[in-house]
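Peer 1: Fold the following for me, if possible:
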Amino acid sequence: MPDTATAGGFLPVLAIVLPVAGVLLSLALGGRQAERVALALMPIGLAVAVAIAVGVWRTHNVLQYLVGSWDPPLGVAFRADGLSAAMLVATALLVCGIGLFARDQFSSPERLEARAPFVFWTLLLAVWGALNAVFVGGDLFNLYVALELLTFAAVPLVSLDGRAETMAAALRYLLFALFGSILYLLGAVLFYGAYGTLDIVLLSGRIRAEPTAWAAISLMTAGLLAKAALYPFHLWLPPAHAGAPAAASAILSGLVVKAPFFLVIRLWFDIMPRMPQPAAAQVLGVLGAAAIVVGSIVALRQARLKLLIAYSTVAQIGYLFLVFPLAVKPETGHPWGTFAWTGGVLQALSHAFAKAAMFMAAGLIAEALGHDRIAGLAGIGRALPITVFAFGLGGLSLMGLPPSGGFSAKAMLLAAVAEGQWWWAVIVLIGGLLAGGYVFLVLVKTLADPIEPLRLSTTIPPSRQAVVVALALCALLLGFVPLRPSELLQIGRPDIALAGFR
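Peer 2: Residues are numbered from 1 along each chain as shown. Have a look, this model is predicted:
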């Protein structure tokens with residue numbers, strides 16, 4: 001890692017400042033202006049994210065900015081490595097897509113509170129800024145602040161319609177998130193007390209295999225698992241994601257749950273790369289496997305489409321944590337060049353696009369029919385063929401069928417299995433079959449002939465359907481990523497000089 005500000009190092013800060021400035025401007029202007037501010041900033045934010053990715057790729061180095069030119073631990077560093085760049089670009093693309101989708105939904109919010117449009121656009125920018133702060137933050141305390149900002153921006157999105165059940169779901173989400181925050185903060189306090197710094201780079205050089213370090217990492221991991229809704233901490237996710245408006249569900253499922261996973265990666269692979277961790281990796285893998293099986297089985301039993309997709313999110317999150325047992329190599333300690341490392345990140349990206357598309361497709365179906373009961377979907381495939389097609393494309397990625405990002409991700413996880421630990425391959429295959437079951441169940445219902453002539457509650461604009469298809473196609477296009485360890489995702493990893501990067 002570089003010790004001074006690098007060329008283009010201002011870009012990671014700009015990625016945070018732009019959405020935050022948008023929030024402040026929206027609060028100052030109020031009303032309908034919040035939508036205009038958000039839509040104006042979206043292409044600029046996307047351009048900044050792409051510039052960061054290009055800068056990291058061209059220099060094969062981290063883009064770093066030191067606030068006030070003070071070196072850590074006195075100062076605060078913002079760093080964008082290859083993993084950060086990939087997450088920043090995917091987040092910007094999803095925010096732009098969700099913003100375009102939400103324009104019509106919040107232009108005439110008959111079923112929402114009067115202030116819902118203003119709140120939605122302001123919180124969308126807040127979520128974007130908090131996510132970017134998580135992806136480029138270099139200090140555990142600042143990452144805690146970013147996580148809290150993300151929580152307090154995401155929770156109100158659940159209850160935009162003001163219904164009692166969504167308010168209860170938002171409260172449950174908040175309680176789980178605050179519980180996770182307490183555990184995370186306790187771990188950070190232990191780290192600071194033991195090593196005198198919370199900077200990730202400095203901490204990775206000072207940390208030792210001792211009880212204090214293990215206690216801190218365990219507390220922080222448990223807190224992040226609660227925020228990520230990994231089984232058995234998933235109880236808040238289905239009601240929260242299923243009860244929110246479609247655009248908000250896409251944000252929550254596609255983006256928000258990825259931030260805690262990203263920080264678990266930082267903790268175990270950046271701060272503790274030299275410490276033995278096979279046992280902990282196996283525990284995380286077992287929890288991931290349980291999430292895949294339980295989430296998929298429960299999804300098959302749902303009567304509502306959005307609840308089915310929400311439990312599918314629980315299952316798909318489980319795949320992310322298979323990275324740990326498959327990428328950890330006790331003999332070298334460097335997981336960056338493994339198939340599992342690239343496969344795990346690709347799973348996070350493809351799931352984000354696929355799940356956002358599926359939640360938005362479900363939202364359009366619910367708007368058209370006035371409900372999202374799976375038993376009552378007969379005929380909607382002919383009435384909204386583009387929407388159902390987009391749902392199917394997203395489901396293709398969840399199942400892991402080619403060509404899709406989910407296929408490439410799961411293929412790379414299976415390639416890692418070939419190096420040992422064959423039992424994880426069984427979990428991957430079972431998860432794919434179960435995903436195929438609940439996606440097939442929905443598609444069969446949508447393509448069936450209705451008993452009575454289908455009457456739509458409203459007309460769905462083609463532009464909104466096009467956005468859903470575009471996001472589903474992004475998940476599909478990720479399937480053309482070369483099936484080998486990604487060079488971009490290795491840039492900036494600890495001890496990456498061993499792989500030829502500096």
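Peer 1: what's the distance between the residue lying farthest from the centre of the chain and Gly379?
Peer 2: The centre of the chain is farthest from one residue, Glu452, which by Cα atoms, centre = their mean lies 40.1 Å away. For Glu452, the distance to Gly379 equals 9 Å [Cβ to Cβ, to the nearest Å]. The way it works is simple: take the backbone N, C-alpha and C, and place the C-beta from them, glycine included.
Peer 1: can you pull the pLDDT of the residue most central in space within the chain?
Peer 2: When the chain is reduced to its mean C-alpha position, the closest residue under Cα atoms, centre = their mean turns out to be Lys258, at 2.8 Å. The predicted structure scores Lys258 at 93 on the pLDDT scale.
Peer 1: tell me the contacts of it?
Peer 2: Neighbour list for Lys258: 87, 131, 348, 352 [criterion: Cβ atoms under 8 Å, 6 or more residues apart in numbering].
Peer 1: Just to be sure, Gly337 is in a helix?
Peer 2: No - secondary structure of Gly337 (DSSP: H, G, I helix; E, B strand; the rest coil): coil, not part of a helix.
Peer 1: what's the neighbour count on it?
Peer 2: For Gly337, the neighbour count with other Cβ atoms under 10 Å is 20.
Peer 1: Quick check: closest non-adjacent residue to it.
Peer 2: Nearest-residue entry for Gly337: Pro485, 4.9 Å, with adjacent residues in sequence omitted and distances by Cβ to Cβ, 6 or more residues apart in numbering.
Peer 1: Check the secondary structure at that neighbour for me.
Peer 2: coil.
Peer 1: Which other helices and strands does the helix or strand that contains Pro238 contact?
Peer 2: Secondary structure from DSSP states H and E places Pro238 in helix 237-243. For helix 237-243, the elements it packs on are helix 140-158, helix 164-195, helix 305-320, judged by 3 or more Cβ pairs under 8 Å, 6 or more residues apart in numbering; DSSP states H and E.
Peer 1: Make TSV out of these and add mean neighbour count, mean pLDDT and distance to Leu478.
Peer 2: Output for the helices and strands packed on helix 237-243, formatted as TSV (neighbours: other Cβ atoms under 10 Å; pLDDT from 0 to 100; distance: least, Cβ to Cβ, whole Å):
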stretch	mean neighbour count	mean pLDDT	distance to Leu478
helix 140-158	21	94	24
helix 164-195	18	93	28
helix 305-320	26	94	14
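Peer 1: and of those, who's closest to Gly431?
Peer 2: The minimum distance between Gly431 and the helices and strands packed on helix 237-243 falls on helix 305-320, with 6.4 Å, by Cβ to Cβ.
Peer 1: Relative to the whole chain's centre, how far out is the closest one?
Peer 2: Chain-centre distance of helix 305-320: 12 Å, with Cα atoms, centre = their mean, to the nearest Å.
Peer 1: cool, and stretch 278-288?
Peer 2: Stretch 278-288 sits 20 Å away from the centroid of its parent chain (Cα atoms, centre = their mean).
Peer 1: returning to what we had before: you'd agree the residue farthest from the centre of the chain is in a strand?
Peer 2: No - assessed with three-state DSSP, Glu452 is coil; it does not lie in a strand.
Peer 1: Need the phi and psi values for it.
Peer 2: Glu452 has phi and psi values of phi -120, psi 160 when expressed as degrees, to the nearest 10.
Peer 1: Ok, which of the helices and strands packed on helix 237-243 comes nearest Pro211?
Peer 2: Of all the helices and strands packed on helix 237-243, the one in closest proximity to Pro211, counting by Cβ to Cβ, is helix 164-195 (9.7 Å).
Peer 1: Quick check: next helix or strand after the closest one?
Peer 2: Following helix 164-195 in sequence order, the next helix or strand is helix 200-206 (DSSP H and E).
Peer 1: For that following helix, enumerate the helices and strands it packs against.
Peer 2: Using 3+ Cβ pairs under 8 Å, 6+ apart: helix 200-206 touches helix 164-195.
Peer 1: what about 10 Å?
Peer 2: Other elements packing on helix 200-206 under the criterion 3 or more Cβ pairs under 10 Å, 6 or more residues apart in numbering; DSSP states H and E are strand 77-80, helix 140-158, helix 164-195, helix 211-228.
Peer 1: Show the average pLDDT along it.
Peer 2: Summarised as a single mean, pLDDT over helix 200-206 is 89.
Peer 1: Return the set of buried residues in that helix.
Peer 2: Of the residues in helix 200-206, those scored as buried under the neighbour-count criterion (16 or more other Cβ atoms under 10 Å) are 200-204.
Peer 1: Not counting its own residues, what contacts it?
Peer 2: The set of residues that contact helix 200-206 without belonging to it, under Cβ atoms under 10 Å, 6 or more residues apart in numbering, is 1-3, 62, 64, 71-73, 77, 79, 137-140, 143, 191-192, 194-197, 199, 213, 216, 266-267, 269-275, 494-495.
Peer 1: Please repeat the previous calculation with a cut-off of 7 Å.
Peer 2: Identification of contacts with helix 200-206 by Cβ atoms under 7 Å, 6 or more residues apart in numbering yields 1, 72-73, 138-140, 191, 195, 197, 266, 270-271, 273, 494.
Peer 1: Show me which of the residues you listed is closest to Val158.
Peer 2: The shortest approach to Val158 among these belongs to Arg266, at 26.4 Å (Cβ to Cβ).
Peer 1: On the pLDDT front, check the closest one for me.
Peer 2: The model reports Arg266 with a pLDDT of 91.
Peer 1: coming back round to it: so the residue nearest to Gly337 is in contact with Ala340, correct?
Peer 2: No - contact between Pro485 and Ala340 fails when scored by Cβ atoms under 7 Å: they sit 9.2 Å apart.
Peer 1: okay, those two: which has more neighbours?
Peer 2: For Pro485 versus Ala340, neighbours defined as other Cβ under 10 Å are more numerous around Ala340 (26 against 20).
Peer 1: so which strand or helix has the residue lying closest to Ala146 once chain neighbours are set aside?
Peer 2: Nearest residue to Ala146 in three dimensions, chain neighbours excluded: Ala133, at 3.7 Å (Cβ to Cβ, 6+ apart). Secondary structure here is read from DSSP H and E; on that basis Ala133 sits in helix 116-136.
Peer 1: okay, the angle between that helix and helix 140-158?
Peer 2: Per axes from the mean of the first three to the mean of the last three Cα atoms, to 10 degrees, the angle that helix 116-136 makes with helix 140-158 is 160 degrees.
Peer 1: Summarise which helices and strands helix 116-136 is packed against.
Peer 2: If you count contacts as 3 or more Cβ pairs under 7 Å, 6 or more residues apart in numbering; DSSP states H and E, helix 116-136 packs onto helix 10-29, helix 33-59, strand 77-80, helix 82-105, helix 140-158, helix 246-251, helix 258-265.
Peer 1: Kindly recompute the last result at 10 Å.
Peer 2: For helix 116-136, where contacts count as 3+ Cβ pairs under 10 Å, 6+ apart, the packed elements are helix 10-29, helix 33-59, strand 63-66, strand 77-80, helix 82-105, helix 140-158, helix 246-251, helix 258-265.
Peer 1: chain center to that helix, what's the gap?
Peer 2: Remark: helix 116-136 is offset 14 Å from the chain centroid, using Cα atoms, centre = their mean.
Peer 1: still on that earlier bit, now the helices and strands packed on helix 200-206 in a markdown table, with distance to Ser249?
Peer 2: As requested, those are exported to a markdown table (distance: least, Cβ to Cβ, whole Å):
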| stretch | distance to Ser249 |
| --- | --- |
| strand 77-80 | 28 |
| helix 140-158 | 9 |
| helix 164-195 | 11 |
| helix 211-228 | 17 |
